[in-house]
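Q: The following comprises the amino acid sequence and a computationally predicted model.
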Amino acid sequence: MQLITIKNLFKTYRLGDVEVSALRGLSLSIEQGEFVALYGASGSGKTTLLNIIACIDAPSSGKVFYEQKQINYSQSKKLGQFRLNKIGFVFQSYNLVPVLNTYENIEYPLLLTAKSEEERKQLVENIIDQVGLTDVKGHKPRQLSGGQRQRVAIGRALVNKPKLVIADEPTANLDVKTSRRILELLTGLNEVENTTFLIATHDPLVKEYVGRSIMIRDGKIRTKEHV
Ligand SMILES: Nc1ncnc2c1ncn2[C@@H]1O[C@H](COP(=O)(O)OP(=O)(O)OP(=O)(O)O)[C@@H](O)[C@H]1O
């Protein structure tokens, strides 16, 4: 089943009198359970595309379907709920809350849901175990290594069991050994939970792990180009 279908997407940013066309008629489909790497030069539109799929930003024109239902970008309240329940986002810079420990950072998005304390505890403990952070549950981000911080960010993105996880350069700040561990973790979660992953990256290592690598150039997917 197609989880995400994108048709003829355009995104133009306006900076005063200057217009920047970040996406120019981009179309793409991603199946439920796929693990996709999105490659492309700096400025090719990767982050713009991820932000639109994650409903953080709206397209200028074109359509995005999630499970065959078109996303309506003008309903901001509904979009917030949709994002919370269906999509996990992992940022290159981790975006952890410095004053919260590992457990609290991972629990954080669940506080915005109607889940009981007991339900939250079960979900958080389960994902902490899956991402291998049991020993550093009480540590604050500054007491963690880069790889551990990225694991916290992955735990936070996955704790609510989203169908889709979007990651923007998840290995950019990590050494090769740690990057491999993170990629093994993500592929493991993809297999066990059937979570769909879309990862924007420059890292050649990523394509060793994913099911499909695609290239974005000039705001469009170039399916025939070698990644
Ligand atoms: N908020 C914004 N306002 C104006 N222009 C923007 C904005 N965000 C992105 N752009 C422009 O849109 C184009 C695509 O940017 P985007 O961040 O999507 O690229 P990217 O492929 O993610 O790049 P990188 O690999 O360097 O992160 C670039 O030309 C960029 O300068």
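A: Good, I have the coordinates.
Q: any weak-confidence spans in the protein?
A: 224-227 (pLDDT under 70).
Q: Get me the contact residues on it for the ligand.
A: 13, 15, 20, 22, 40, 42-48 (C-beta under 6 Å from any ligand atom). C-beta coordinates here come from the backbone N, C-alpha and C atoms, glycine included.
Q: So among those, which ones count as buried?
A: Using 16 or more other C-beta atoms under 10 Å as the burial test, the residues of the chain next to the ligand include 22, 40, 44-48 as buried.
Q: Reformat the residues you listed into TSV and put secondary structure next to each item.
A: TSV is the format used below for these (DSSP: H, G, I helix; E, B strand; the rest coil):
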residue	secondary structure
A22	strand
G40	coil
S44	coil
G45	coil
K46	helix
T47	helix
T48	helix
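Q: Check the chain and tell me which residue is nearest its centre.
A: Using C-alpha atoms, centre = their mean, the residue of the chain that lies closest to the mean C-alpha position is I166, 1.6 Å off.
Q: And for the host helix or strand of that one, what's in contact with it?
A: Element membership of I166 [criterion: DSSP states H and E] is strand 164-168. Identification of contacts with strand 164-168 by C-beta atoms under 8 Å, 6 or more residues apart in numbering yields 3-4, 46-47, 50, 53-54, 66, 86-92, 157-158, 186, 195-200.
Q: let's see 7 Å
A: 3-4, 47, 50, 53-54, 86-92, 157-158, 195-200 (C-beta atoms under 7 Å, 6 or more residues apart in numbering).
Q: May I ask you to confirm that Q92 is in contact with L174?
A: No: the criterion here is C-beta atoms under 7 Å, and Q92 misses it with L174 at 10.0 Å.
Q: more neighbours, those two?
A: Between Q92 and L174, counted using other C-beta atoms under 10 Å, L174 has the larger neighbour count: 22 against 18.
Q: Which of the three states applies to that one?
A: Three-state call for L174 (three-state DSSP): coil.
Q: Test my guess that it contacts R151.
A: No: counting by C-beta under 7 Å, L174 sits too far from R151 to count as a contact (10.6 Å).
Q: Enumerate every residue touching I4.
A: If a contact means C-beta under 7 Å, 6+ apart, then I4 has 29-30, 53, 66, 164 as its contacts.
Q: how about the residues you listed in a markdown table, adding distance to K140 and secondary structure?
A: As requested, these are exported to a markdown table (distance: C-beta to C-beta, whole Å; DSSP: H, G, I helix; E, B strand; the rest coil):
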| residue | distance to K140 | secondary structure |
| --- | --- | --- |
| S29 | 41 | strand |
| I30 | 35 | strand |
| I53 | 31 | helix |
| Y66 | 35 | strand |
| L164 | 29 | strand |
